[in-house]
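A.B. asks: Here's a sequence, model it:
(chains A and B)
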Amino acid sequence: MTDTEAMVQQEVNRLYKSHYGKMVSSLLYFSQNIDLESAEDLVQDAFASAITSWRENGIPNNPGGWIFKVCRNKALNKIKQGEKVRGFFENEDFDAIETKQSESPIDDQQLKLLFACAHPDFSPKVQVVITLKYVINLKVEAIAKILAMTIDGVDKLLLRARQKIRDEKILFTEPDLHFLKYRIPIVHKIIYLIFNEGYKSSWGKEIIREELCEDALLMNKALLESGVGNKETAALHAMMLFNAARFKARFGNNGELLDLEEQDRSLWNKEVILYASKFLSQSQGGEISSYHYEAAIAYLHCSAKNFKVTDWLSISKLYHQLLENNPNPFVEMNYAIALYYAGQKKKALDILNQLQQKPFLNQYYLLNAALGKINLLEGNDTKARSYFEKTLKQTDSLSEKEYIQKLIDKLK
Amino acid sequence: MKKFLFLIREDIQNQLEGSDEEFEAGIQEMTKWVEELAESGNYIGGEPLKSVGKYVSKDHVVSDGPFIEAKEVISGYLFIQAQNINQAASIAQSCPEVLNGNIVIEVRPIVSLEND
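C.D. replies: This next block holds a predicted model:
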C-alpha cells in the first residue's frame, strides 16, 4: 500500500466510525421510500466510491460532506423521479447539517440514535447489537467477535430488528422529553452491557475491548452533558471509571490474567480514580440504583491499599443490598465471595454450595472457579482440584484456562 | 417490568435420541444465555424438566412415560421479567437453542393481580 492509499483508508475508516449510523438515519429521513437495508447499501457504496476516487484525486476538503453528497445522488438515482424528498441534504457542509435539525431536547445526533436503539420491544441483546452497529458504527464482523457470536447469528438478529426499525421508523423519530425520560433506564442498561463486554477478562489483552469501554464512557458522558442524564447516569459513570482505572493492571507482562490479589496496585490510574469519585459524589441525593451499589463496590476496591485490608464487610453489605434490588444468583455468588473474605466463611460456603445445586449455576465456570479457589485456601486440595477441572471444561477462553491451570499447579 | 414464563418445548425424539455431548453443549449454550439475561436484569429463575411424568385427569391416570400422542414435550421453563410481551418475545428469539432450531419457546405473560 502506498502512503496515499494508506491515508485514504485511514480517513475512510475514521469517517465510517464516526458517521455511519448518522448517514444511514439521514437517508431514511431523506425519503420515505428508502428502507433500512437499501440505506445501508447506499452508504456502504458511497464509502467504496470514496476509496476509489480519493486515491486518484486526493482527499477532499470536507470528506464527510463528500460522502454525504454521493449518498444523496445515489439515493436520488434509486428513488422515483418527482417523488417528494425532504431537504435534508441541501446544505453540503456536513457539520452544518448536524446542527440544523434540533427541535428535540438533544442536539447530538449520535445520542438521538442511542435513544432510538433503546426501543423497549427489543431484547437487551438486540439493543446492544443495533447500538454497536448504528451508534458505535461497528461492522458486523467486529460485532460478532465482541459478542462471541457467529456473523450469521448477528445477521439473523439484525434482520429481525431491521424489519421493526423500518416499520416503526425507529432510527429517525425525533424524541420528545417524555420519551427520553421513559427510555433513560434502557439507555443506561445498554451502556452498562457494552462496557461489560469490553471489560470481560476472558478476552485477554485486546485493543478492541479497551475501545469498547471507551465508547461506553463516551456515550455516557454525552448523556451527562446533554442535560438529559440524571443521578443514575452519574453513578454509572463512576462505576465504569473505577473499573477502567484498573484496566491495564489486570494482565501481567506476558498477557496472563491476574486476579485482584495479584495485581500491582501502583498501576491503577489514580487520576481516573479521583475523577470517578467526583461522579460518585455527584450521584448522591436521589434514589439509590444498582449502579450506585456497583459504583460503591468498585470505589471500595480502588481505595484499598491491598487485597487483605479491603473493606470486605462493607462490600458484602453492598452486594446484599444489590441483591434486594435485583435477586440474581450470579450476583449472589459475588456476595458469597465477599462474605468469605470478610471472615464469614461458613455462611459464604453455604451459599456457594447452595448455588452449586441450582440449574445453570452448576454449569457456570466462575462458580466452580470460586469454589475451587476457596477450597484451595482452606487446604482442601482434592476438592479444589475437582472444581478447577470442572472449570477448565466450562470455559473456552485461553487466558482463563491458563489462570486456572496456574492454580491447579499450586495444589499438591 | 412485567413477568413472563418461558415454556421450553422440544421435539420428543430429539430429546430421547440426542447424545450426551449434544446435551452438554446445549446446556453450556443455555448457561451463557442465562448469564446474559442475569446481567441485563431479566432473569428470575428457571429449571429443566424431565420428560417422564404423570398425566392426571378426572377419570384416569396415565403414568410413566412421555405422552406419546404429543410430538413435543416441555423440557424446561424460565421465569423472566421484561418491559413488555414484545421484548419478552425478542429475548426468547435470542436464545441460542432457538436460533439453532433445537427448541421452541412459548412466551406467556404472568397475570398480575395488582392494579397497574
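A.B. asks: Quick check: residues of the stretch 201-350 of chain A near chain B?
C.D. replies: Neighbours of chain B within the stretch 201-350 of chain A, by C-beta under 8 Å from any C-beta of the partner chain: A:290, A:326-331. To be clear about C-beta, it is placed using only N, CA and C from the backbone, and glycine gets the same treatment.
A.B. asks: Please check these and keep the buried ones.
C.D. replies: By neighbour count, with 16 or more other C-beta atoms under 10 Å in any protein chain shown, these hold A:290, A:328-331 as buried.
A.B. asks: In strands, which of those fall?
C.D. replies: If you go by DSSP state E, these have nothing in strands.
A.B. asks: out of these, what pair is the most spread apart?
C.D. replies: Pairwise distances across these (C-beta to C-beta) peak at 15.4 Å, for the pair A:290 and A:329.
A.B. asks: pretty sure residue A:129 is in contact with residue A:143, am I right?
C.D. replies: Yes - using C-beta atoms under 8 Å as the test, residue A:129 is close enough to residue A:143 to be in contact (6.1 Å).
A.B. asks: now check the strand or helix carrying residue A:132, is it near chain B?
C.D. replies: Using DSSP states H and E, residue A:132 sits in helix A:124-134. Yes - with C-beta under 8 Å from any C-beta as the criterion, chain B is reached by helix A:124-134 at A:124-126.
A.B. asks: Show me the strands in chain B, by range?
C.D. replies: Using DSSP E, strands in chain B cover B:2-11, B:43-48, B:55-56, B:61-62, B:72-82, B:103-109.
A.B. asks: hmm, who's touching stretch A:151-168?
C.D. replies: A:35-37, A:119, A:121-122, A:125-126, A:129-130, A:133, A:140-141, A:143-144, A:147, A:149, A:170-171, B:90, B:93-94, B:96, B:99 (C-beta atoms under 8 Å, 6 or more residues apart in numbering or on different chains).
A.B. asks: Buried subset of the residues you listed as a ChimeraX selection?
C.D. replies: Remark: buried members of these, expressed as a ChimeraX selection using 16+ other C-beta under 10 Å:
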select /A:36,119,121,122,125,126,129,130,133,140,143,144,147,149,170,171 /B:90,93,94,96,99
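A.B. asks: Helices - which of the contacts of stretch A:151-168 land there?
C.D. replies: When DSSP state H is applied, those are split such that A:36-37, A:125-126, A:129-130, A:133, A:140-141, A:143-144, B:90, B:93, B:96, B:99 fall in helices.
A.B. asks: Specify the angle between the helix holding residue A:132 and strand B:72-82 in degrees.
C.D. replies: Going by axes from the mean of the first three to the mean of the last three C-alpha atoms, to 10 degrees, helix A:124-134 is angled at 60 degrees with respect to strand B:72-82.
A.B. asks: domains in chain A, as residue ranges please.
C.D. replies: Domain assignment for chain A by automatic domain parsing gives A:3-100, A:105-226, A:364-412.
A.B. asks: Throw those into CSV and include mean pLDDT, thanks.
C.D. replies: Compiled in CSV, the domains of chain A are given as follows (pLDDT from 0 to 100):
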stretch, mean pLDDT
domain A:3-100, 79
domain A:105-226, 86
domain A:364-412, 91
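A.B. asks: which secondary element of chain B has the worst mean pLDDT?
C.D. replies: strand B:61-62 (a mean of 68; mean pLDDT, DSSP states H and E).
A.B. asks: And residue A:235, which helix or strand is it part of?
C.D. replies: helix A:231-245.
A.B. asks: list the helices and strands that helix packs on?
C.D. replies: Judged by 3 or more C-beta pairs under 8 Å, 6 or more residues apart in numbering or on different chains; DSSP states H and E, helix A:231-245 is in contact with helix A:177-199, helix A:207-225, helix A:270-282, helix A:290-302.
A.B. asks: returning to what we had before: just the buried ones among the residues of the stretch 201-350 of chain A next to chain B: which has the poorest pLDDT?
C.D. replies: Looking at these by pLDDT, the weakest one is residue A:328, with 88.
A.B. asks: Next, that one: phi, psi?
C.D. replies: Residue A:328 adopts backbone torsions of phi -160, psi 120, taken as degrees, to the nearest 10.
A.B. asks: so it sits right up against residue B:43, yeah?
C.D. replies: Yes - counting by C-beta under 8 Å, residue B:43 is a contact partner of residue A:328 at 6.5 Å.
A.B. asks: Can you point out the buried residues in the biggest helix by length in chain A?
C.D. replies: If you go by DSSP H, chain A has its longest helix at helix A:3-30. Buried residues in helix A:3-30, counted by 16+ other C-beta under 10 Å: A:8, A:11-12, A:15-16, A:19-30.
A.B. asks: Determine how far that helix lies from the middle of the whole chain.
C.D. replies: 21 Å (C-alpha atoms, centre = their mean, to the nearest Å).
A.B. asks: Stretch A:218-225 too?
C.D. replies: For stretch A:218-225 - counting by C-alpha atoms, centre = their mean - the centre lies 13 Å from the chain centre.
A.B. asks: which residues sit against that stretch?
C.D. replies: Contacts of stretch A:218-225 (C-beta under 8 Å, 6+ apart): A:108, A:110-111, A:114, A:135-136, A:187, A:191, A:194, A:229, A:233-234, A:236-237, A:240.
A.B. asks: 10 Å - rerun?
C.D. replies: Contact with stretch A:218-225 is made by A:106, A:108, A:110-111, A:114-115, A:131, A:135-136, A:180, A:184, A:187-188, A:190-192, A:194-195, A:228-230, A:233-234, A:236-237, A:239-241, A:279, A:282, as judged by C-beta atoms under 10 Å, 6 or more residues apart in numbering or on different chains.
A.B. asks: burial count for residue A:282?
C.D. replies: 15 (other C-beta atoms under 10 Å in any protein chain shown).
A.B. asks: give me every residue that touches the closest residue to it other than its chain neighbours.
C.D. replies: Using C-beta to C-beta, 6 or more residues apart in numbering or on different chains and skipping residues adjacent in sequence, the residue nearest residue A:282 is residue A:234, 4.4 Å away. Each residue near residue A:234 by C-beta under 10 Å, 6+ apart is listed here: A:220, A:223-224, A:278-284, A:286, A:291-292, A:295.
A.B. asks: Just the buried residues of these.
C.D. replies: The buried subset of the contacts of residue A:234 - by 16+ other C-beta under 10 Å - is A:220, A:223-224, A:279-280, A:283, A:291-292, A:295.
A.B. asks: List the buried residues for stretch A:389-397?
C.D. replies: A:390-392, A:394-395, A:397.
A.B. asks: Then stretch A:303-311?
C.D. replies: Neighbour-count burial for stretch A:303-311 flags A:304, A:310-311 (criterion: 16+ other C-beta under 10 Å).
A.B. asks: Of those residues, which is the nearest to residue A:404?
C.D. replies: residue A:310 (22.9 Å).
A.B. asks: now that closest one, nearest residue through space, not along the chain?
C.D. replies: Among residues not flanking residue A:310 along the chain, residue A:304 sits closest, at 3.9 Å (C-beta to C-beta, 6+ apart).
A.B. asks: Hmm, residue A:297 and the one you found touching each other?
C.D. replies: No - with contact defined as C-beta atoms under 10 Å, residue A:304 does not reach residue A:297; the gap is 11.4 Å.
A.B. asks: quick revisit: the residues of the stretch 201-350 of chain A next to chain B in helices, which ones?
C.D. replies: By the criterion of DSSP H, membership of those in helices covers A:290, A:329-331.
A.B. asks: What is the nearest of these to residue A:358?
C.D. replies: Nearest to residue A:358 out of these is residue A:329 (C-beta to C-beta; 5.9 Å).
A.B. asks: in chain A, which residue is closest to the centre?
C.D. replies: residue A:194 (1.3 Å; C-alpha atoms, centre = their mean).
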